[in-house]
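Enquirer: build me a structure from this.
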Amino acid sequence: MPRKKQRRSTAAAARPGRRRRLFQIGLSLLGLGLLVYLIYLNYLVNERFEGDTWALPSRVYARPLELYPGLALTPA
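Expert: Now for the predicted structure:
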């Protein structure tokens, strides 16, 4: 007895393409959201470090010390 071919319904036949398309749209939206977030972080970093922040003189809390191999150091 020959088997009859089962025909898929149109909705079932279009489902794999629809899933792929939804996955691509979701991935695109995720990438777009990540891009917007990175632009926002870049804006925050630029705002924080812009200006005269680095114009203040630095403070040195140690004396200069030359280090070289064979130097005898004491805790004092």
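Enquirer: element containing Leu44?
Expert: helix 10-49 (DSSP states H and E).
Enquirer: burial count for Thr53?
Expert: Counted with other CB atoms under 10 Å, the neighbours of Thr53 add up to 8. All C-beta atoms are positioned from the backbone trio N, CA, C, and that covers glycine.
Enquirer: what number of residues lie near Arg20?
Expert: Quick note: Arg20 (other CB under 10 Å) scores 10 neighbours.
Enquirer: spit out the contact partners of it.
Expert: Taking CB atoms under 8 Å, 6 or more residues apart in numbering, we find Arg20 in contact with no residue.
Enquirer: quick thing: my sequence starts at 35, can you match it?
Expert: All right, first residue 35 from here; so that's Arg54.
Enquirer: next one, pLDDT for it please.
Expert: The predicted local distance difference test score for Arg54 is 92.
Enquirer: picking that back up, distance between the helix holding Leu78 and the chain's centre?
Expert: Going by CA atoms, centre = their mean, to the nearest Å, the spacing between the C-alpha centre of helix 44-83 and its chain's C-alpha centre is 13 Å.
Enquirer: who touches stretch 68-79?
Expert: Under the criterion CB under 8 Å, 6+ apart, not a single residue lies in contact with stretch 68-79.
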